[in-house]
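**Q** no sequence on this one, just coordinates:
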């Protein structure tokens, strides 16, 4: 039912823009990234560090849940592959964070940064090996191929990701 001078739209659904363009995920991403910014701002002082950690945890949970629910980014067995690959990291991360003494925190943070670099390098290598990397793929469907300039930007980002990631990992 379309709205005009004499009627008021009362049925919401297919014509409602929030469901048509998936604006809810954009909102979740903005809120999640805002939480990360607040996290970094609050980690600057000892008095606000605990609140900064809560902002960081909230932002990460929002983004994980948002992308988990949206079938544009996770399709088929993707959700269970993500959960299966996250589980060991969560267990090892919690165990190492709980077992380290306060004097060992700088080494722990360095190790976490190193493994973050390794993850970035492995992601770059995976993208290099992916035969569909030259395509825009959403929901398991190839939408279109990237243009030449887009592929150059992707190639530069790929090389930098591998180099910087491995340098971070190896120290």
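**A** Great, that's in hand. Treat the numbers as computed from the prediction; the structure is a model and nothing was measured. Numbers count the residues shown, from 1 in each chain.
**Q** So, low pLDDT: which residues of this protein?
**A** By pLDDT under 70, the low-scoring segments of the chain are 1-22, 73, 75, 137-140.
**Q** Show me the longest helix that occurs in it.
**A** Identified as the longest helix of the chain according to DSSP state H is helix 105-129.
**Q** Quick check: buried residues in that helix?
**A** For helix 105-129, the neighbour count (16 or more other C-beta atoms under 10 Å) marks 117, 120, 121, 124, 127 as buried. C-beta: built from backbone N, CA, C; applies to glycine.
**Q** Kindly reformat the residues you listed as CSV containing distance to residue 27.
**A** Below are the buried residues of helix 105-129 laid out as CSV (distance: C-beta to C-beta, whole Å):
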residue, distance to residue 27
117, 31
120, 27
121, 32
124, 30
127, 28
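**Q** Tell me which helix or strand the residue nearest the centre of the chain sits in.
**A** By C-alpha atoms, centre = their mean, the mean C-alpha position of the chain lies nearest to residue 63, the distance being 6.2 Å. Applying DSSP states H and E as the criterion places residue 63 in helix 49-69.
**Q** and what of residue 168?
**A** Judged by DSSP H and E, residue 168 forms part of helix 148-170.
**Q** How far away from the center of its chain is that helix?
**A** Offset of helix 148-170 from its chain centre (C-alpha atoms, centre = their mean, to the nearest Å): 18 Å.
**Q** and the angle for it with helix 105-129?
**A** 150 degrees (axes from the mean of the first three to the mean of the last three C-alpha atoms, to 10 degrees).
**Q** helices or strands next to helix 148-170 in the packing?
**A** helix 105-129 (3 or more C-beta pairs under 8 Å, 6 or more residues apart in numbering; DSSP states H and E).
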